[in-house]
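*Asks:* got a sequence here, can you build the structure:
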Amino acid sequence: METVKCLIVDDEPVAQRILEDYLTGLNDFELVGKCLHALEARELLQQNRVDLMFLDLEMPRLKGFSFLKTLSDRPQVIITTAYREYAVEGYELEVLDYLLKPITFERFLKAIDRYQRGRAVSSGFVPQSLERPYIHVKSNRKTIKLWLDQIRFIEGMNNYIKIAYGTQTHIVYSSLGKILEQLTDDFVRVHKSFVVNKNHITAFSQELIELEDQQIPVGATYRGILKVL
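*Replies:* Have a look, this model is predicted:
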């Protein structure tokens, strides 16, 4: 598939930088412009191909929804705003998603996945990446795609987590509770500091779980989970 051309329209430079940072490192996504108001965006749209537009609502000169109504041929649109009350109008205008500020990276990725699925369906092609579950994490200033079936276990370390991924290890600024929200039912918490992938378990007892050559302790309050392993 072709590279997705993206446009950010927001009168707040900080908000622009956050979205630009989120887009950096995503495969097949390219930022072609950043605009502070709708009239500037309108001119850019006339001169460039744009597939996906991130649009703020409260902007000078022309509000976001009013701007959308002026476009006869518009790209897919993801609304980015601090105002929840406009969500209904957004969906009436068939926007792709509605992100409330402050926008977390996880919520941003859900919107991106929604765009990718719609794009795949419209093209009649569903790539393997949309069938095989994965997550994005930020490590060493890069956004990394991790296939869930390759994650063996995750260890919590204060404000960071260590992800054992195949033969690699990734250190990510997050918590176990937060990362669990992105995982499938294949993952279970077996200790206050450990989450394991059930598919990688080779043996277990009341005190320990073995993942190939790795031993993970089982916390006393989590031993009931052993019944479903």
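
*Asks:* just checking, next helix/strand downstream of the longest helix seen in the chain?
*Replies:* Ranked by number of residues, the top helix in the chain under DSSP state H is helix 105-123. Proceeding N to C from helix 105-123, the next assigned helix or strand is strand 134-139, under DSSP states H and E.

*Asks:* and the very next helix or strand once past that next one, which residues are buried?
*Replies:* Counting by DSSP H and E, the next helix or strand C-terminal to strand 134-139 is strand 142-147. Using 16 or more other Cβ atoms under 10 Å as the test for burial, strand 142-147 gives 143, 144, 146. Any C-beta I mention is one placed from the backbone N, CA and C, and that applies to glycine too.

*Asks:* go ahead and confirm the second one touches residue 138.
*Replies:* Yes - with the criterion set as Cβ atoms under 8 Å, residue 144 and residue 138 qualify as a contacting pair; they are 7.5 Å apart.

*Asks:* one step back: flag every buried residue along the longest helix of the chain.
*Replies:* 108, 109, 111, 112, 115, 116, 119, 120.

*Asks:* and the angle from that helix to strand 134-139?
*Replies:* 140 degrees (axes from the mean of the first three to the mean of the last three Cα atoms, to 10 degrees).

*Asks:* oh, and call the first residue 791 from now on, that's how I've got it
*Replies:* Okay, residue one is now 791; in that scheme the one you just asked about reads as helix 895-913.

*Asks:* could you point out the helix or strand that follows the lowest-mean-pLDDT helix or strand in the chain?
*Replies:* The helix or strand of the chain with the poorest confidence is helix 877-882; it has a mean of 72 (mean pLDDT, DSSP states H and E). The helix or strand immediately downstream of helix 877-882 is strand 887-890, counting by DSSP H and E.

*Asks:* list the residues that contact the most centrally placed residue in the chain.
*Replies:* Against the mean C-alpha coordinate of the chain, by Cα atoms, centre = their mean, the closest residue is residue 899 at 1.8 Å. Going by Cβ atoms under 8 Å, 6 or more residues apart in numbering, residue 899 touches 925, 926.

*Asks:* and it, how far from residue 825?
*Replies:* 23 Å (Cβ to Cβ, to the nearest Å).

*Asks:* helices of the protein, start to end?
*Replies:* 803-813, 828-837, 854-859, 877-882, 895-913, 966-970.

*Asks:* out of those helices, which gets nearest to residue 845?
*Replies:* Comparing the helices of the chain against residue 845 with Cβ to Cβ, the closest turns out to be helix 854-859 (5.0 Å).

*Asks:* so what touches the closest one?
*Replies:* 799, 828, 831-832, 845-849, 864, 867, 869, 871, 876, 879-880, 883, 885.

*Asks:* select only the buried ones of the residues you listed in PyMOL?
*Replies:* A single PyMOL command selects the buried members of those (16+ other Cβ under 10 Å):
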select buried, resi 799+828+831+845+846+847+849+864+867+869+871+876+880+885
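
*Asks:* roughly how far does the residue nearest to residue 964 when sequence neighbours are not counted sit from residue 965?
*Replies:* Distances taken as Cβ to Cβ, 6 or more residues apart in numbering put residue 951 closest to residue 964, at 5.1 Å, once the chain neighbours are dropped. Using Cβ to Cβ, residue 951 is found at 7 Å from residue 965.
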